[in-house]
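Peer 1: the sequence and its predicted three-dimensional model are supplied below.
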Amino acid sequence: MSNSNIRVRFAPSPTGPLHIGGVRTALYNYLFARKNGGKFILRIEDTDQNRFVPGAEQYIIDSFKWCGITFDEGVTIGGEYGPYTQSERKELYSEYAKRLIENGHGYYGFDTGEELNKVRKEYESQKKTFVYNAEERKRLRNSLTLSEEETNKLLEEGTPYVIRFKMPENDIVVMNDMIRGKVEVNTSVLDDKILFKSDGMPTYHLANIVDDHLMKISHVIRGEEWLPSLPLHVLLYEAFDWDKPEFAHLPLLLKPDGNGKLSKRDGDRLGFPVFPLEWTDPKTGSVSSGFREDGYFADAFVNMLAMLGWNPGDDRELFTIEELSKEFSIDRVGKSGAKFDLAKATWYNHQYLVKKDNAELAGLFMPIVVNEGVLVEIEYLEEAVSLVKDRVNFVHELWAQTDYFFKRPETYDPKAVKKRWKKESFDHISKLKIVLAEITEFSSSNVESIVKQWIEENEYGMGMVMNALRLIIVGALKGPHLFDIIDLIGQEETLERIDQGLHEIGRKE
Ligand code: GLU
């Protein structure tokens, strides 16, 4: 189903790496667009030149590529409504700012930084906070207090100015949010925000509204931190006499413990990333960890993020991005913040790891094995991975679970030797070696039935023999089904490990 009227956007400012909260906002926009057959746009909001960080835009693009979140229009793709980078649209915003002055919704502010600082200090000395609002604007230097001639003179002389929004006095703004419902605010608590700066650039508020309008955005889905800006945005649409989009403000991602927004500090403190990819700060060189580098699969990461704030209405938890694209709806986005849960994130990775086919996992595991100095066929790796994958959450945990498939034990866990290597063990295993040497079809099930029958016939005690054998083959009492291990390492290797183990552990007196 295609619905060309539905158009949503993700509009990041390239001020650093993208927080996972931002990735979730983008994901919900993407899912909303896909579900409704609409378009998803990537717009870069870089009007605040002081906060511009080199590399941040590329980081954002790379993050979405990794996640599998795609755009229909935007930076690097293009489209009918471009350019999609605000600094490249610079020229068009002043016209809209001036339109507001003409229709009485905006005014020129000539106050210098020094002048405003002075007023601010006066307020502070009286323990009050200065706000440039409907009350204060009456005694400051702006086109509302100056005559038309004075204003024109200042403009002609090239005096620096800003353009501010003229907030209506004591009015009620009624807003509708798709998640929160009706929200009302009295304009007396709002200030006269700067819309256009003295450096010739628009502020976020102006550029955002103008672009959403020109790009025909139908639904603005963004983080809750923008809810306080909504009254101004709604008033701006009204001031321009433009149709408003629908708004949905997503609840915050919260820290795992306590309340408050999930921050990088929480990640550092509790040992998990808050960014999708690793990020190196271009100024300080400090490195922040990323989910990708920590070993998360992109599909697990996306699934986990989707469920932080949305639910399908039943207890299903596992969804591919395609499935989410069919099921997603704003109605099922919760009103309260969702706590990030590291155990859950790990659980998701485990679920996806177990579902991946062995060939793919073996391919990912191979570099680690090579790095350990082991040369092995990929098929062998596939077999090893298939036996242990339900025991790990990450590919990088595979080595610790499989090292004995590639090399003979170098040590024998002393605790296990003490507890499980009995007086009789040396004799049992010596005899068992002869049995094993005679087996012609050395498969897991065949070896298992022969060995178990042999133990039973001799009345040796199943646990005692099996533990001793595991200790000799693996070097510890760990690992999957022992006969699967024996099958994979093969008959010759099994017999040699028995020789080595008998020699190393010896007889217990
Ligand atoms: N540039 C804003 C940001 O960085 C966009 C907010 C919005 O979506 O309106 O989050």
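Peer 2: Looks like it came in fine.
Peer 1: so where's this protein uncertain?
Peer 2: For the chain, the stretches flagged by pLDDT under 70 are 1-2.
Peer 1: now do 90
Peer 2: 1-4, 49-50, 258-259, 507-509 (pLDDT under 90).
Peer 1: residue boundaries of the strands in it?
Peer 2: Per DSSP state E, the chain carries strands over the ranges 7-10, 39-42, 73-74, 106-109, 162-165, 172-177, 181-186, 194-196, 219-223, 246-250, 253-254, 279-280, 287-288, 338-339.
Peer 1: convert the second one to PDB, retaining C-alpha atoms only.
Peer 2: Right, the one you point to is strand 39-42. The C-alpha atoms that make up strand 39-42 are tabulated as PDB, following Å, rounded to 0.1, in the frame of the first residue of the first chain:
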ATOM      1  CA  LYS A  39       8.100   8.200   2.700                       C
ATOM      2  CA  PHE A  40      10.900   8.600   5.200                       C
ATOM      3  CA  ILE A  41      13.300  11.500   4.900                       C
ATOM      4  CA  LEU A  42      16.700  12.200   6.400                       C
END
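Peer 1: partners of it, with directions?
Peer 2: Here strand 39-42 is paired, per DSSP bridges, with strand 7-10 (parallel), strand 73-74 (parallel).
Peer 1: could you list every residue that touches the closest residue to Ala476 other than its chain neighbours?
Peer 2: In space, and not counting its chain neighbours, Ala476 is closest to Asp413: 4.1 Å by C-beta to C-beta, 6 or more residues apart in numbering. (Each C-beta comes from the backbone N, C-alpha and C, glycine too.) Counting by C-beta atoms under 8 Å, 6 or more residues apart in numbering, Asp413 makes contact with Leu471, Gly475, Ala476, Leu477.
Peer 1: any idea how far Asp413 is from Ile505?
Peer 2: 11 Å (C-beta to C-beta, to the nearest Å).
Peer 1: overlap in contacts, those two.
Peer 2: Leu471.
Peer 1: so what touches stretch 492-509?
Peer 2: Contacts of stretch 492-509 (C-beta under 8 Å, 6+ apart): 408-409, 412, 417, 421-423, 425-426, 429-430, 432-433, 436-437, 471-473, 486, 489.
Peer 1: try 10 Å this time
Peer 2: Here stretch 492-509 makes contact (C-beta atoms under 10 Å, 6 or more residues apart in numbering) with 404-405, 408-412, 417-418, 421-427, 429-430, 432-434, 436-437, 439, 442, 447, 468-469, 471-475, 485-490.
Peer 1: so what pairs up with the residue of the stretch 101-250 of the chain at minimum distance from the ligand in the strands?
Peer 2: Scanning the stretch 101-250 of the chain for the residue nearest the ligand gives Arg222, at 3.5 Å (criterion: C-beta to the nearest ligand atom). Assessed by DSSP bridges, Arg222 has beta-bridge partners His249.
Peer 1: distance across stretch 386-406, terminal residue to terminal residue?
Peer 2: Counting by C-alpha to C-alpha, to the nearest Å, you get 15 Å between the two ends of stretch 386-406.
Peer 1: quick one: name the residues of the stretch 1-150 of the chain near the ligand.
Peer 2: Ala11, Pro12, Ser13, Glu45 (C-beta under 6 Å from any ligand atom).
Peer 1: pretty sure the last one sits against Ser87.
Peer 2: In other words, Glu45. Yes: counting by C-beta atoms under 10 Å, Ser87 is a contact partner of Glu45 at 9.3 Å.
Peer 1: give me the common contacts of these two.
Peer 2: Common neighbours of Glu45 and Ser87 (C-beta under 10 Å, 6+ apart) are Pro14, Ala207.
Peer 1: more neighbours: the two, which one.
Peer 2: More crowded of Glu45 and Ser87, by other C-beta atoms under 10 Å: Glu45, with 19 against 15.
Peer 1: for that one, give me its contacts.
Peer 2: With C-beta under 10 Å, 6+ apart, Glu45 has these contacts: 9, 11-15, 85-87, 202, 204, 207-208, 211.
Peer 1: show me where the stretch 351-500 of the chain has helices.
Peer 2: 358-371, 378-388, 398-406, 414-420, 425-438, 444-458, 462-474, 482-489, 491-505 (DSSP state H, counting those that start in this stretch).
Peer 1: out of these, nearest to Asn3?
Peer 2: Nearest to Asn3 among the helices of the stretch 351-500 of the chain is helix 358-371; the distance by C-beta to C-beta comes to 35.9 Å.
Peer 1: just want the angle from the closest one to helix 398-406.
Peer 2: With axes from the mean of the first three to the mean of the last three C-alpha atoms, to 10 degrees applied, the angle from helix 358-371 to helix 398-406 works out at 80 degrees.
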